[in-house]
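J.: heads up, no residue letters with this:
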Ligand SMILES: [Zn+2]
């Protein structure tokens, strides 16, 4: 499942950021998803919840924004919305020298840390060894 690997990668990135700032919780993660990234937001939200389980992101909300696909034609300079599936042929000159300007994004734009972070001190406690992620299955 493509969305699961995306979700795991998001959780991984946020966990690293959380570790470097000794954050103990995450309220919300904002993510820009390109129209052409091939990610279904609903499926990603589902996988994100699973991927967060047992991590510092547990219970975090995923807020996604959509980035439209835009292409430009190198020879004639025309730009257009690619739509989905993407139209990569220039309608003016039928050229194929098309450059994709946007639409493949998978970008964390904002992380809301939990307010109850540990008090900042001169010597932060060493991070505990990460517990192995376990996936609880309802039976
Ligand atoms: Zn063109």
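T.: Perfect, thanks for sending it. Please read these numbers as outputs of a predicted model, since none were measured by experiment. Numbering: from 1, shown residues only.
J.: which helices and strands does the host helix or strand of residue 28 pack with?
T.: Assigned by DSSP states H and E, residue 28 belongs to strand 26-34. Using 3 or more Cβ pairs under 8 Å, 6 or more residues apart in numbering; DSSP states H and E, the elements in contact with strand 26-34 are helix 2-20, helix 41-52, strand 61-67, strand 106-113. Where you see a C-beta, it was placed from the backbone N, CA and C, and this is true even at glycine.
J.: Low-confidence bits of this protein, can you list those?
T.: Along the chain, segments meeting pLDDT under 70 span 1, 116-139.
J.: Distance from the chain centre to stretch 2-9, please.
T.: 9 Å (Cα atoms, centre = their mean, to the nearest Å).
J.: buried residues in it?
T.: By 16 or more other Cβ atoms under 10 Å, the buried positions in stretch 2-9 come out as 3, 6, 7, 8.
J.: Now narrow those to whatever sits close to the ion.
T.: Within the set of these, contact with the ion (Cβ under 5 Å from the ion) is found for no member.
J.: still on that earlier bit, any idea which of the helices and strands packed on strand 26-34 is most buried?
T.: Highest mean neighbour count of the helices and strands packed on strand 26-34: helix 41-52, a mean of 19 (counted as mean count of other Cβ atoms under 10 Å).
J.: Can you tell me what sits against it?
T.: 1, 3-4, 6-8, 10-11, 29, 31, 33, 57-60, 62, 64, 66, 135 (Cβ atoms under 8 Å, 6 or more residues apart in numbering).
J.: which residues does residue 80 contact?
T.: Residue 80 makes contact with 70, 71, 72, 87, 90, 91, according to Cβ under 8 Å, 6+ apart.
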